[in-house]
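> Next comes the sequence, and after it the predicted model I'd like to discuss.
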Protein chains: 4
Amino acid sequence: MALTDEQTKEIAAQRGQATSTFRAVAPALEEILYHPLPVLDHGFVRVIDYMGDDAAIVQAARVSYGKGTKKVNEDAGLINYLLRHRHTTPFEMCEIKFHIKLPIFVARQWIRHRTANVNEYSARYSILDREFYIPSSDQLAAQSKSNRQGRGDLVEGKEAERVFALLKNDSEQVYDHYIEMLNENESGAVINEKNKGLARELARMNLTLNYYTQWYWKVDLHNLMHFLSLRADAHAQYEIRVYADAMLDVLKRWLPITYAAFMNYRVGGASVSAKGLAALRAMLAGKEVTQESSGMSKGEWNEFQAMLKS
Amino acid sequence: MALTDEQTKEIAAQRGQATSTFRAVAPALEEILYHPLPVLDHGFVRVIDYMGDDAAIVQAARVSYGKGTKKVNEDAGLINYLLRHRHTTPFEMCEIKFHIKLPIFVARQWIRHRTANVNEYSARYSILDREFYIPSSDQLAAQSKSNRQGRGDLVEGKEAERVFALLKNDSEQVYDHYIEMLNENESGAVINEKNKGLARELARMNLTLNYYTQWYWKVDLHNLMHFLSLRADAHAQYEIRVYADAMLDVLKRWLPITYAAFMNYRVGGASVSAKGLAALRAMLAGKEVTQESSGMSKGEWNEFQAMLKS
Amino acid sequence: MALTDEQTKEIAAQRGQATSTFRAVAPALEEILYHPLPVLDHGFVRVIDYMGDDAAIVQAARVSYGKGTKKVNEDAGLINYLLRHRHTTPFEMCEIKFHIKLPIFVARQWIRHRTANVNEYSARYSILDREFYIPSSDQLAAQSKSNRQGRGDLVEGKEAERVFALLKNDSEQVYDHYIEMLNENESGAVINEKNKGLARELARMNLTLNYYTQWYWKVDLHNLMHFLSLRADAHAQYEIRVYADAMLDVLKRWLPITYAAFMNYRVGGASVSAKGLAALRAMLAGKEVTQESSGMSKGEWNEFQAMLKS
Amino acid sequence: MALTDEQTKEIAAQRGQATSTFRAVAPALEEILYHPLPVLDHGFVRVIDYMGDDAAIVQAARVSYGKGTKKVNEDAGLINYLLRHRHTTPFEMCEIKFHIKLPIFVARQWIRHRTANVNEYSARYSILDREFYIPSSDQLAAQSKSNRQGRGDLVEGKEAERVFALLKNDSEQVYDHYIEMLNENESGAVINEKNKGLARELARMNLTLNYYTQWYWKVDLHNLMHFLSLRADAHAQYEIRVYADAMLDVLKRWLPITYAAFMNYRVGGASVSAKGLAALRAMLAGKEVTQESSGMSKGEWNEFQAMLKS
């Protein structure tokens, strides 16, 4: 993980000056505010700002329910109720802003979550750093045989050596050529006085998708949880899942009650279809249910069995 | 303007406990945090929370522009540049949360701004208060003759007296009947033991559109400015414009540099069409331009003339 | 249900002129295109336009999966897979546009679904019709004792008579006064030459929330299904549920495969928490599980029991 | 531009079967429906489906304005009025769906427009084609000296030769290694039986940003015009501008009245600040205005001068 010197100084400055506020404060989150949490070989997640705490969710719900909240006024109980019944609007009342450094191919998945605010480093304006992602050997997986978008066994031995060599050499080479085409090195000095240097907005196209980019990403709590429920899932690609995992730790510090409810109702929960419910009721009544009698497809039946066993 | 006792106590409690934070703080906004700013006869706007300050916009832009920001690193200059060129994403990095009390017919206009988070008081759960909006006599306007959605002269004298009487009496009467149908008074006591009382979700339909509702409304700065540019405009209905005006004051306290840029580029600015630009260039070259030669419609020509005179 | 003469003529004109297109066509939906489907006493839903069919969802998914689709190329199988795994983007590739007439208090719930396009009749510009909603006697429900936002037994006998009288009389009276304040009757004639007439944008505030409004509402299929899963639910207020029910019929005509999948996975399905899954596994293994041992709250346990029985 | 055989067959099939519909039809758009419009060296834009025509915008506006529309019922006049006054909701009532093939670095800019629906080819599932973008020699521009995100003179002669060689060789090489790491050629055959083959979701990271991807992109007319006003602008990068230009031609076929209004009010128009308006008024009154007396910054003054001259 590499912060620029400027960023390191900025963090020191920001953490040096505590100020007084009347706003809701989340003490455990303040402890790590601005600090980068390392992810992958050069990436990080750091919290830049946040709005609200567990109590702010309850407060917003109380505006909705008015005097009706009296019956459910215990905070954890209300938060659990809201999440269970998908009353999502009170969770939109909290907001968090991250600074994230991540490989471009991960950024391309991430940006598909549209309900968020983003400021990305622009390679039209500035030169990207020589930082690229290389998987660790325990993540160098082969294509799954059973799952078209999944990973199978590890690639090992000579094949692994060859893959690492290709990834590293190509990454280095395309960057060397990027700099050569720009005719400007990373500190801004002209390389060859006779050349004009290719426009940055063009030269960047020579970089590979494992190069790191960075952005500010701001999102409300409801949409953050939606992101996490998809990206902290076992089906998500490892390289984005590790970011989601780091953000789950942030969520735990920020909103401990909501975090616990989220783990119970979303991360650890499941959806059951009408056919699945019918099968469950029959099974609990002692009847045998088979894939055929359930009306489910083979794939669905396997998923249903896995849900009941794991 | 009427806060409930509970709300008044809450404000006192919240303003009693300043806490230390490492986050960006806007001192002039902290001064009025939680305090209701009165609007109309019973409404208010109060700031519940906020994220970011002018420097946070600059900071987000610096992530985008990277080393490219060095040339434009003076804060006000950069903020003006961003707003002028509609580089809107850095403004999305600030967020604000309001508690607003407003008549239902105003709420119906307001909610059309979709990119915001809302928690509204639910009349399915709880009983609405006996609070309704009556225009002041200097706002009791007749239908405009020239503008199908505008106001003209004041309604005065006997006609005004009659209008006030109708508005007040109908408002009082529908509330009396609302309570009677609920069979439950505002403090929750049953009125007639023999009756069941109509469901709240049904009884509420008897209230008129001038009744007050309230909500938490959270929005990012870009969308707030879009709201304000439409709703603080002279063409906006007075009853929503006064809320926008109160929020402009909030904006000035929160982000003084952005506020000044916003007043210059949006509130005080204008859009000119291709035909308008051609007309301007001809006029500046000393040529006479008429509606006919401009190619504009009569309405458009009048708007163009007004823009150049006012 | 009342269409204006103008609307009736428009429908006849639109259904008179079939045109040739290369686009995807849904024949069963064409049969009812433009025709109003009656809802409540004066409301309706009618389909104005649509984009895509079941095959369009498959086609969009094939762009995503590329050659990877070959294994799951049977349409119904793929649509079921997508919906089960919440791969929602292919469903966004279909779009539908409705014209809806509905009471204002229903419109206020409906508009909270933000990801849609709306053009509502403006009472700033035009005069609303004398049309208001009165519940039928089999929907005149008392407040539920157990559910703060629900309905209980029917209100009957003298109490019902009184409620009907209050609702009708107040609705008629506020409209009479609306017209009087406007000083302009429904056909546009001035009532009293001596009066100026209150601005439409003000006079409308005297109408009650059961008055009908109308709008064009356009939404993509993913967001339509989200709307329907919440509003066709037994917990939704009856007055919006009947609109959702009418739209379910539309969905069935438009996209029969998606409709069947939606009924199975969403409408008829359920969410189970981590604690719920643990309880299910224990129960299927023959162990007794109680509320206490499940770790669920009382309310949650009751919901869990209901899910397994109904 | 390269369509796969499968896509070519699909187009022939789709254009072979015209069907009858009661929906609004745009004849000039039907002529090119499904046909790819070539962009860059391998890219294209093709229209897959659309909803609405110019009359549909007028129709939606009429719902809003009710009887109030009578005064402005001439279609072109109303559309001009709506666009001039930024009454944007009627434009949201039209929708269009494109199939687009574009380089990844262009896709990364494009996707920042969030209010759209997207299905992108997934390189987790499937193998990307060996197709990459190489600028034509008249687009091989040097970095602009004056504009940090712009292009200056052309790179020519030996420098250009070297740049072309680097771009082509690196593109070819990273693809060769992509295939080698996958251990599977483009037709799906295993290359080396001894190797496992790297997971597709990992191997893709070795491709450069000039590789082509493709997606379905569906958007409403209001957001399409917002996209076009930013991306058909002279400040947009050439490689995205050519897509916007192709889509402007589509807009002209689809909605000729709206297209003309859009060119006048957006593409050919400009925004003027409060200071700019004050300067204009003074200049038209024959007063001299300088940068200093205008209160504008140097950059802003230059932009203002350019607006009045070009």
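Great, that's in hand. Residues are numbered from 1 along each chain as shown, chains lettered A, B, ... in the order given.

> Would you mind measuring from the nearest residue to A:Thr19 once chain neighbours are set aside to chain C?
With sequence-adjacent residues excluded and distances taken as Cβ to Cβ, 6 or more residues apart in numbering or on different chains, A:Thr19 is closest to B:Val25, at 4.3 Å. C-beta: built from backbone N, CA, C; applies to glycine. Counting by Cβ to the nearest Cβ, to the nearest Å, the separation of B:Val25 from chain C is 31 Å.

> Could I get the pLDDT score of A:Gly66?
Looking at A:Gly66, its pLDDT stands at 69.

> any idea how far B:Glu31 is from the residue nearest to A:Thr19?
11 Å (Cβ to Cβ, to the nearest Å).

> So if I had to pick from the two, which one is more boxed in?
B:Val25 (18 against 10; other Cβ atoms under 10 Å in any protein chain shown).

> Phi, psi for that one please.
phi -130, psi 140 (degrees, to the nearest 10).

> Was I right to think it contacts A:Gln17?
No. Assessed by Cβ atoms under 8 Å, B:Val25 is found out of contact with A:Gln17, at 9.3 Å.

> Stretch A:178-188 and chain D, any residue contact?
Yes. Applying Cβ under 8 Å from any Cβ of the partner chain, one finds that stretch A:178-188 is in contact with chain D at A:Glu180, A:Met181, A:Leu182, A:Asn183, A:Glu184.

> how about that stretch: buried residues?
Residues A:Tyr178, A:Ile179, A:Glu180, A:Met181, A:Leu182, A:Asn183, A:Glu184 are the ones in stretch A:178-188 that count as buried (16 or more other Cβ atoms under 10 Å in any protein chain shown).

> Tell me the one of these nearest D:Tyr216?
When the buried residues of stretch A:178-188 are compared for distance to D:Tyr216 (Cβ to Cβ), A:Tyr178 wins out at 31.5 Å.

> tell me the pLDDT at that closest one?
Taking A:Tyr178 on its own, its pLDDT is 98.

> check contacts around it.
A:Leu128, A:Ala203, A:Arg204, A:Asn206, A:Leu207 (Cβ atoms under 8 Å, 6 or more residues apart in numbering or on different chains).

> isn't A:Val174 right up against A:Asn206?
Yes. At 5.2 Å, A:Val174 counts as touching A:Asn206 under the criterion of Cβ under 8 Å.

> for chain A, what spans make up the strands?
For chain A, applying DSSP state E gives strands covering A:19-21, A:37-39, A:43-51, A:95-103, A:117-120, A:141-143, A:151-154, A:212-220, A:270-272.

> Surely A:Val190 is in contact with A:Lys196?
No. Judged on Cβ under 8 Å, A:Val190 makes no contact with A:Lys196 at a distance of 10.0 Å.

> So which of the two has more stuff around it?
Between A:Val190 and A:Lys196, counting by other Cβ under 10 Å, A:Lys196 is the more crowded of the two (20 against 12).

> Let me know how buried the nearest residue to that one once chain neighbours are set aside is, in neighbour terms.
Computed as Cβ to Cβ, 6+ apart, the closest residue to A:Lys196 that is not its neighbour in sequence is D:Ala142, at 3.7 Å. For D:Ala142, the tally of surrounding residues (other Cβ under 10 Å) stands at 20.

> Repeat that for the one 4 residues further on.
Neighbours of D:Ser146 under the rule other Cβ under 10 Å: 6.

> What of A:Ser136?
8.

> Distance check, it against D:Lys252.
Counting by Cβ to Cβ, the gap from A:Ser136 to D:Lys252 is 53 Å.

> The residue in the stretch 201-310 of chain A that chain B sits nearest to: neighbouring residues, count only.
Residue of the stretch 201-310 of chain A nearest chain B, by Cβ to the nearest Cβ: A:Tyr216 (5.0 Å). Number of residues near A:Tyr216 (other Cβ under 10 Å) recorded here: 26.

> same deal with A:Glu193?
Neighbours around A:Glu193, by other Cβ under 10 Å: 6.

> Then A:Phe164?
The burial count for A:Phe164: 15, using other Cβ under 10 Å.

> Now it. Nearest residue, chain neighbours left out?
That would be A:Ile134: by Cβ to Cβ, 6+ apart, it lies 6.8 Å from A:Phe164.

> Next, that neighbour: phi, psi?
Dihedral angles for A:Ile134 - degrees, to the nearest 10 - are phi -120, psi 120.

> which residues does the most centrally placed residue in chain A contact?
The residue lying closest to the centre of chain A (Cα atoms, centre = their mean) is A:Ala244, at 3.6 Å. Each residue near A:Ala244 by Cβ under 8 Å, 6+ apart is listed here: A:Phe227, A:Leu228, A:Arg231, A:Ala232, A:Ala236.

> any idea which of these is the one closest to chain D?
Checking the contacts of A:Ala244 one by one against chain D (Cβ to the nearest Cβ), the nearest turns out to be A:Ala236, at 10.3 Å.

> and that closest one, what is it in contact with?
Here A:Ala236 is in contact with A:Leu230, A:Ala244 (Cβ under 8 Å, 6+ apart).

> Against A:Trp110, how distant is it?
Taking Cβ to Cβ, one finds A:Ala236 at 11 Å from A:Trp110.

> one step back: and for A:Val190 and A:Lys196, which residues touch both?
Shared contacts of A:Val190 and A:Lys196, defined by Cβ under 8 Å, 6+ apart, comprise A:Asn183.
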